[in-house]
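# sequence plus the predicted model coming up.
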Amino acid sequence: MKIYIACDAEGISGVFRSPDEIPEIRTLMTRDVNAAVGGARAGGATEILVWDMHDGGKTLLYEELDDGAQYIQGSPPLERLPGLDSSFAGVFLVGYHAMQGTAGAVCDHTMSSATWQHLWINGVMLGEVGQDALWAGRVGVPVLLATGDDKVCAEARALLGDIEVAQVKVGLGRHTARLLPPKAARQLIFERAGASLFRVGRIKPFTLAPPYEVKLQYASSSHLDGILFDGKKRERLDGQTIVYRTNDLVEALTRQV
């Protein structure tokens, strides 16, 4: 059984402000990933691929990584979840964060808090959990596990159904959280990772049917001023919002707007 793990930093245990301000972020993220790898192996995974997707793919500490997986690091990525295909049984989203504007969420944002506000595809508002679940769903692979604060765990379950979640902290504000102690957080990730494999075949891939209408609200009108609009495939709705229409899901998910 093959498992794919995508790891971000804002939802990692011990993180309560921007990961760039936390000197030990590489150690924290590596330990959470190791817990997920160990849990997946205990649950029956025979092959595990991990994608380091934070800060240009250079956050995980190579010498400290679990020997039971292979790892992708570096940038720019060839695609959102490089190496993922239909041969995988499921995806783990480790260290994820809630979408922009979520009250009480730690480091809430959607792709870039400096650039984006909100994203909708076919009327469904999506944060990074939803976008990556949709990317995985296009090749028939479901998300089995999400880890992070209580807000992202709730977001993942509301969108994806009865998946496993590992709530390693409670968000009290954008830069404030009530944290589980380190050993308890990693044990929780380990246990939920293993338990998630029992949901293989029960959790369905997240999909949206074409055609795709992508609505993206930017943080400032200045981000749209250099974009050409044809009024059909690409249309500007207001100062901050653009709509892009396509039949190609990859195009819809790779910000061709």
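Good, I have the coordinates.
# domain map for the chain?
Following automatic domain parsing, the chain resolves into domains at 2-98+128-199, 212-253.
# how far off centre is the first one?
Read that as domain 2-98+128-199. Centroid separation between domain 2-98+128-199 and its chain, computed with Cα atoms, centre = their mean, to the nearest Å, is 8 Å.
# restricting to C-alpha, output the helix or strand hosting residue 134 in CSV.
If you go by DSSP states H and E, residue 134 is part of helix 128-137. Only the C-alpha atoms of helix 128-137 are listed here, as CSV (Å, rounded to 0.1, in the frame of the first residue of the first chain):
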residue,chain,number,x,y,z
GLU,A,128,-5.1,24.7,0.6
VAL,A,129,-6.7,21.6,2.1
GLY,A,130,-9.4,21.7,-0.6
GLN,A,131,-7.0,22.5,-3.4
ASP,A,132,-4.7,19.7,-2.6
ALA,A,133,-7.6,17.3,-2.0
LEU,A,134,-8.9,18.2,-5.5
TRP,A,135,-5.5,17.7,-7.0
ALA,A,136,-5.3,14.3,-5.5
GLY,A,137,-8.9,13.5,-6.5
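# buried sites along that helix?
128-137 (16 or more other Cβ atoms under 10 Å). To be clear about C-beta, it is placed using only N, CA and C from the backbone, and glycine gets the same treatment.
# and the two most separated of the residues you listed?
128 and 137 (14.4 Å; Cβ to Cβ).
# got the contact list for the residue lying closest to residue 223 once chain neighbours are set aside?
Spatial nearest neighbour of residue 223, chain neighbours left out: residue 115 (6.1 Å); criterion: Cβ to Cβ, 6 or more residues apart in numbering. By Cβ atoms under 8 Å, 6 or more residues apart in numbering, the residues touching residue 115 are 218-219, 223.
# again, but for residue 18
10, 107, 175.
# kindly indicate which of these lies nearest residue 156.
Nearest to residue 156 among those, with distances taken as Cβ to Cβ, is residue 10, at 14.0 Å.
# do I have it right that the closest one meets residue 110?
No: using Cβ atoms under 8 Å, residue 10 makes no contact with residue 110, being 11.8 Å away.
# which stretches of the chain have low pLDDT?
255-257 (pLDDT under 70).
# all strands for it, in order.
2-7, 47-52, 70-72, 90-96, 116-121, 124-125, 143-149, 164-173, 176-179, 212-218, 234-236, 241-246 (DSSP state E).
# could you check the angle strand 143-149 makes with the first one?
The reference is to strand 2-7. 20 degrees (axes from the mean of the first three to the mean of the last three Cα atoms, to 10 degrees).
# what's the angle from strand 2-7 to helix 128-137?
150 degrees.
# list the neighbouring strands of strand 2-7 plus their orientation.
strand 47-52 (parallel), strand 90-96 (parallel) (DSSP bridges).
# which of those strands is buried the deepest?
Burial of the strands paired with strand 2-7 is given as mean neighbour count (mean count of other Cβ atoms under 10 Å); strand 90-96 ranks first at a mean of 29.
# kindly export it (C-alpha atoms) in CSV.
Listed next in CSV are the C-alpha coordinates belonging to strand 90-96 (Å, rounded to 0.1, in the frame of the first residue of the first chain):
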residue,chain,number,x,y,z
GLY,A,90,-4.2,7.9,0.0
VAL,A,91,-2.7,11.2,0.9
PHE,A,92,-1.8,12.7,4.4
LEU,A,93,-1.9,16.5,4.8
VAL,A,94,0.6,17.1,7.6
GLY,A,95,1.0,20.5,9.2
TYR,A,96,-1.8,22.2,7.2
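# what's the angle from that strand to strand 164-173?
20 degrees.
# need the contacts of residue 18 in a markdown table with neighbour count, can you?
Output for the contacts of residue 18, formatted as a markdown table (neighbours: other Cβ atoms under 10 Å):
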| residue | neighbour count |
| --- | --- |
| 10 | 24 |
| 107 | 23 |
| 175 | 12 |
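# okay, those in CSV with distance to residue 84 next?
Shown next, in CSV, are the contacts of residue 18 (distance: Cβ to Cβ, whole Å):
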residue, distance to residue 84
10, 21
107, 25
175, 32
